[in-house]
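1. Next comes the sequence, and after it the predicted model I'd like to discuss.
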Amino acid sequence: MRVAVVGLGEAGSIYAADLLTRGASVVGTDLHLREVPAGVEIAADIAGTVRGAELVLSLVGAISAGTVLDEALPAMDAAAVFVDMNTSGPEDKRRLAGRAAARGIRFVDAAIMAPVPRARIDTPLLLSGPGVGALLPVLGALRIPATDVGPEPGAAAQRKLLRSVFMKGLAAVVVESMHAAEVVGAEDWLMDQIASELGASGRDAVQHLIDGTTKHAVRREVEMLEVRALLQSLDAPHPMTDGTIEWLRAIAARTALPGAE
């Protein structure tokens, strides 16, 4: 099987490398390519990447997702499946699916349900859209865990954003608690208190929440803005989401300062 991976950042590089270990032939491209995963063929552009591929994975971020789709569609084989794995709102996914349908290409909205570096290619996926029926057997053969949540593109994206209210909100609460504890010199005590509530992973889970929020504050702020837009469209209250966005914005500003870690 030939798989095209458009976007070889953190997640894309992991998928490309792990797909090779599971028997796929992988070709990739990235405008800001820093390091090529061993064994991955690199194409000069998106059209060259997707041409002849049975499966196209888009991992470029929501801002670039539409451009990638538009460049990929004319070069894709009619039997191929385009999988948008970027985090965006349901309406964005529906628009992309409509553009794919106009070209006769099957589209899948895929939501990645945990940080990819943790479980790598075994990270669970939620899938929705008209191409899910064709994609599920392929993912099964590659031993990639995935759950079908319906034929409507945007359904997977919606569920991921609903989950993010809790997951990103939890991380923001942990950061806020630990920040206050540092002021009074009670970091170790509070970390133990929080860890005792998070199960067997304990302190590692707390540190993971802190480190991930700090490292990816900018990207997560964008995601939470999508969450807020979703909640507003549902006429659902969102004060916790507002607070999470405020914290992520402050963390991003602080880490951008010269000398900040």
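-> Now that the structure is in, tell me what you want to look at.

2. Every contact and neighbour count from this point should use C-alpha atoms.
-> OK.

3. what sits up against the lowest-mean-pLDDT helix or strand in the chain?
-> Among the secondary structure pieces of the chain, namely its helices and strands, helix 202-215 has the lowest mean (mean pLDDT, DSSP states H and E), a mean of 90. Outside of helix 202-215, the residues within contact range by CA atoms under 8 Å, 6 or more residues apart in numbering are 171-172, 174-175, 191-192, 194-196, 198, 220, 248, 251-252, 255.

4. Go ahead and name everything in contact with the next helix or strand after it.
-> Using DSSP states H and E, the helix or strand that follows helix 202-215 towards the C-terminus is helix 217-233. Contact with helix 217-233 is made by 87-89, 158, 161-162, 164-165, 168, 213, 237-238, 241-242, 244-245, 248-249, 251-252, as judged by CA under 8 Å, 6+ apart.

5. quick one: buried residues of helix 217-233?
-> Judged by neighbour count (16 or more other CA atoms under 10 Å), helix 217-233 contains these buried residues: 217-218, 220-228, 230-231.

6. so where's this protein shaky on pLDDT?
-> Under the criterion pLDDT under 70, the flagged ranges of the chain are 256-261.

7. Show me where it has its strands.
-> Ranges of strands in the chain, per DSSP state E, are 2-6, 25-29, 41-42, 55-58, 81-84, 106-112, 125-128, 146-148.

8. So which elements touch the fourth one?
-> Counting contacts by 3 or more CA pairs under 8 Å, 6 or more residues apart in numbering; DSSP states H and E, strand 55-58 packs against strand 2-6, strand 81-84.

9. Go again with 10 Å.
-> strand 2-6, helix 10-21, strand 25-29, helix 46-50, helix 62-72, strand 81-84, strand 106-112 (3 or more CA pairs under 10 Å, 6 or more residues apart in numbering; DSSP states H and E).

10. among these, which is nearest Ala97?
-> Nearest of the helices and strands packed on strand 55-58 to Ala97, taken as CA to CA: strand 106-112 at 5.6 Å.
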